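**Student:** generate a structure from the sequence data that follows.
(one chain, ligands or ions: 1)
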Amino acid sequence: MTRRPDPVRGATITGTGMYVPERVLTNADLERMVDTTDEWIRDRTGIRERRIAAPEQASSDLALIASQRALESAGLCPDEVDYIVVATTTPDRILPSCACTLQHKLGATRAAAFDMFAACTGFVFGVAMARSLIGSRAADTVLVVGVETLSRIVDYTDRNTCVLFGDGAGAVVMRPCAQGEGVLAIDIHSDGELGGVLEIPAGISANPASAATVAAREHYLRMQGKKLFPFAVRTMEESTRRCMEQAGIGPEDMDVVIPHQANLRIIDAVRERLGLPPEKMPINIDRYGNTSSASIPITLDELTREGRLKPGDHVGFCAFGGGATWGAGVVRWTMARQGPIDGVPAAARLAATEVRA
Ligand SMILES: CC(C)(COP(=O)(O)OP(=O)(O)OC[C@H]1O[C@@H](n2cnc3c(N)ncnc32)[C@H](O)[C@@H]1OP(=O)(O)O)[C@@H](O)C(=O)NCCC(=O)NCCS
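**Tutor:** Numbering: from 1, shown residues only. Sure thing, here's the model as predicted:
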């Protein structure tokens, strides 16, 4: 008998979690550090404050709390995780990977763990990877984390960048589901020709760290913000439209589209081009700034815990970032409403997320 190939399985989000450090850096604080004003930052970016990791906190520490919360909401134990994908530009170190350090701290002893470098689009790339792993039956349970301690690579003497970025972590658990549910479409892209628009000039193989590179502040992030702005608007709109097309739905069918929280003016421009009302494009950039790969999973967790997402909703997300990279996704939501963190036992929330594959 000829065995037919197994059909590709669907993949869905069954748990979400987030964590931001306690310390708040306000625009007023930045006014005392560089030549800027609260008014300029709010008008040009929409940011009021951002979170900064404590000196003893590395990215894996932020990721750990977000991951524990995501697993708790999925009703799973760490040793049930098959893969850990950590999207980050700020791993604890280059070696070992942030994902391996997280795996150890989490006690996810069975999981294969690796870092994914796709800058602010990293979470979208991570969901694409998890969907492929689950769809091909290489994995049943994938933890996708977006985490950044950008405060460690931001030059707090450069007003062009230091007002924008913050620290934080978001995580989702992905599991199999019936086809036609969960992730309906994913669209990811890269263009290395644009590498210079957002870069850290020194530190690794092309320009190893030395006293000279440190003196020239080349271990900090540098950005050509004006070039990124139109690129961000165009790519996030196009990528979201491609996903809606793949999913066979239009903007009017979307219940929410979560944009990467880079700049409120970029978000509003994308929203207007897609013809979405403000309530369908949630914002938290005012509270957290740009947390790069963490911004979408942080927002996703806030929405689930606010009860804004219900099974059957069409949930989109889109991002752009260094590399350059960009992408989007559309999910038919399957998770029941979340309780507050440390609240209702996770098992009570599992009704709508049973594996039907
Ligand atoms: C960075 C960004 C906020 C700047 O806003 P903008 O409206 O493009 O501002 P400009 O670059 O035209 O700068 C206008 C002026 O403000 C100044 N400026 C820059 N940062 C400032 C700050 N923090 N405070 C006060 N003035 C500032 C500039 O020096 C410039 O002065 P000049 O005209 O005398 O040269 C905007 O370009 C942006 O968000 N780009 C995308 C960046 C991004 O999202 N990066 C992350 C990728 S994931």
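**Student:** are we agreed that residue 233 is in a helix?
**Tutor:** Yes - the assignment for residue 233 is a helix, going by DSSP: H, G, I helix; E, B strand; the rest coil.
**Student:** burial count for the closest residue in space to it that isn't next to it in sequence?
**Tutor:** In this structure, residue 233 finds its nearest non-sequential neighbour in residue 269, 4.5 Å apart by Cβ to Cβ, 6 or more residues apart in numbering. Placement of C-beta: from N, CA and C, glycine included. Here the neighbour count serves as a burial measure; for residue 269 (other Cβ atoms under 10 Å) it reads 18.
**Student:** name the helix or strand for residue 269, please.
**Tutor:** Using DSSP states H and E, residue 269 sits within helix 264-274.
**Student:** I figured the residue nearest to residue 233 hits residue 235, correct?
**Tutor:** No - with contact defined as Cβ atoms under 8 Å, residue 269 does not reach residue 235; the gap is 11.8 Å.
**Student:** show me where the stretch 151-300 of the chain has its strands.
**Tutor:** Assigned by DSSP state E, counting those that start in this stretch, the strands in the stretch 151-300 of the chain fall at 167-177, 182-190, 198-199, 222-223, 256-259.
**Student:** send the alpha carbons of the longest one over as CSV?
**Tutor:** Think strand 167-177. Included here for strand 167-177 are C-alpha records, laid out as CSV according to Å, rounded to 0.1, in the frame of the first residue of the first chain:
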residue,chain,number,x,y,z
ASP,A,167,13.4,46.9,27.0
GLY,A,168,10.9,44.1,27.3
ALA,A,169,9.9,40.6,26.4
GLY,A,170,6.9,38.8,24.9
ALA,A,171,6.3,35.1,24.3
VAL,A,172,3.8,32.8,22.7
VAL,A,173,3.3,29.1,22.8
MET,A,174,2.4,27.5,19.5
ARG,A,175,0.7,24.1,19.0
PRO,A,176,-1.0,22.2,16.2
CYS,A,177,-4.6,23.0,15.2
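**Student:** mind listing what it pairs with, with the direction of each?
**Tutor:** With DSSP bridges as the test, strand 167-177 is paired with strand 10-19 (antiparallel), strand 142-149 (antiparallel).
**Student:** how about the shortest one and the ligand, touching?
**Tutor:** Which is strand 142-149. No - contact between strand 142-149 and the ligand is absent, the nearest approach being 10.6 Å (criterion: Cβ under 6 Å from any ligand atom).
**Student:** the ligand contacts on this protein?
**Tutor:** When proximity is defined as Cβ under 6 Å from any ligand atom, the chain approaches the ligand at 36, 40-41, 44-45, 120, 159-160, 163, 198, 223, 225-226, 228-229, 232, 262-263, 290, 321.
**Student:** among those, which are located in helices?
**Tutor:** 40-41, 44-45, 159-160, 225-226, 228-229, 232 (DSSP state H).
**Student:** pLDDT below threshold where in this structure?
**Tutor:** Regions of the chain meeting the criterion pLDDT under 70 cover residues 1-7, 337-357.
**Student:** if you rank the ones in helices among the residues of the chain next to the ligand by neighbours, which is first?
**Tutor:** Using other Cβ under 10 Å as the neighbour criterion, residue 232 leads these with 27 neighbours.
**Student:** skipping adjacent residues, who's closest to that residue in space?
**Tutor:** residue 320 (4.5 Å).
**Student:** for the residue in the chain positioned nearest to the ligand, what are its contacts?
**Tutor:** Using Cβ to the nearest ligand atom, the single residue of the chain nearest to the ligand is residue 225, 2.8 Å away. Taking Cβ atoms under 8 Å, 6 or more residues apart in numbering as the contact definition, residue 225 lies against 160-161.
**Student:** ok, now how distant is it from residue 237?
**Tutor:** Using Cβ to Cβ, to the nearest Å, one obtains 19 Å as the distance from residue 225 to residue 237.
**Student:** across the sheet, point out what pairs with the residue nearest to residue 232.
**Tutor:** When bridges are assigned using DSSP bridges, the partners listed for residue 320 are residue 326.
**Student:** next up, the contacts around it.
**Tutor:** By Cβ under 8 Å, 6+ apart, the neighbours of residue 320 are 120-121, 228, 231-232, 235-236, 260, 262, 326.
**Student:** quick check, residue 77 in contact with residue 71.
**Tutor:** Yes - with contacts counted by Cβ under 8 Å, residue 77 reaches residue 71, the gap being 7.1 Å.
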